[in-house]
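In: Curious how this folds, go ahead:
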Amino acid sequence: MAASYRKKHLLFEICLELGECYAALGDMWAAELNLAEALDLQPMNPRSYISLARVAVRGEHLDKAESYLLRALELKPEADEALSVLGGVMLARGNRGAAWECFQRALELNDGDKDTLLGLVEAAEDLEKLKMVLPCLQEYVERHLLDFQVLYALAEVRHRLGQVEEALEMVGKILLFEPEHPQALALKAEIQHN
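Out: The predicted structure is shown next:
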């Protein structure tokens, strides 16, 4: 019995990994096929649903993605990855308030997830929410000094909050390592123009 379970679990892991690899390579048909097989092997495991949702999002099938994510959250309400992907679905639909809630809950469960943090920044509709995101960005940058994507997000948030000198400092750090970074150059020009 135990050997049968281990074999089934190993097959699940292989199908899941293959599906995610195919998705990364852009072969959504093969990705979906392997992920569906993983789902058949372990229908109570939320990971298959989350991966299938990611494939659906890439194909712009937001209803299908949301359905997979809601099922994953039924199985594991604290699935931070499902909440983060659901936040992305809500953003794609233009529902920034719901996206904010999803990203915020996901970040409470996993404060080190870069995609969730960047999603939270994108979902922030007003200055109060930007102020709430600022400490999270600062903390992340302190742990990942050379993550220029988050460093740029921090610079952008500081600029939007009127913290011009701090924003320029962040941009300067990016340009020190990547002198041709297009977003940093554009933000620097915008700040200096105003």
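In: just for the protein, where's the confidence low?
Out: Residue ranges of the chain with pLDDT under 70: 1.
In: quick one, domains of it?
Out: For the chain, automatic domain parsing gives the domain ranges 1-125, 137-194.
In: quick one, which of the ones you listed is packed in tightest?
Out: Ranked by mean neighbour count under mean count of other Cβ atoms under 10 Å, these are led by domain 1-125, which reaches a mean of 18. Using the backbone N, CA and C atoms, a C-beta is placed for each residue, glycine as well.
In: Check the offset of that one from the chain's centre.
Out: 10 Å (Cα atoms, centre = their mean, to the nearest Å).
In: begin at 59 from here
Out: With the count now opening at 59, the last piece we talked about shows up as domain 59-183.
In: for the residue nearest to Glu180 when sequence neighbours are not counted, what are its contacts?
Out: Take Glu180 and drop its neighbours on the chain: the residue closest to it by Cβ to Cβ, 6 or more residues apart in numbering is Leu149, 6.1 Å away. Contact partners of Leu149, counting by Cβ atoms under 8 Å, 6 or more residues apart in numbering, are Ala157, Gly177, Glu180, Ala181.
In: swap in Ala88?
Out: By Cβ under 8 Å, 6+ apart, the contact set of Ala88 is Leu76, Gly77, Tyr80.
In: The same query, at a cut-off of 10 Å, please.
Out: Leu76, Gly77, Cys79, Tyr80, Ala81 (Cβ atoms under 10 Å, 6 or more residues apart in numbering).
In: go on, Leu133?
Out: Neighbour list for Leu133: Pro101, Met102, Asn103, Pro104, Arg105, Ser106, Tyr107, Ala140 [criterion: Cβ under 10 Å, 6+ apart].
In: Show me which helix runs longest in this structure.
Out: Secondary structure of the chain read by DSSP state H shows that its longest helix is helix 60-83.
In: what's the following helix or strand after it?
Out: Counting by DSSP states H and E, the next helix or strand C-terminal to helix 60-83 is helix 86-99.
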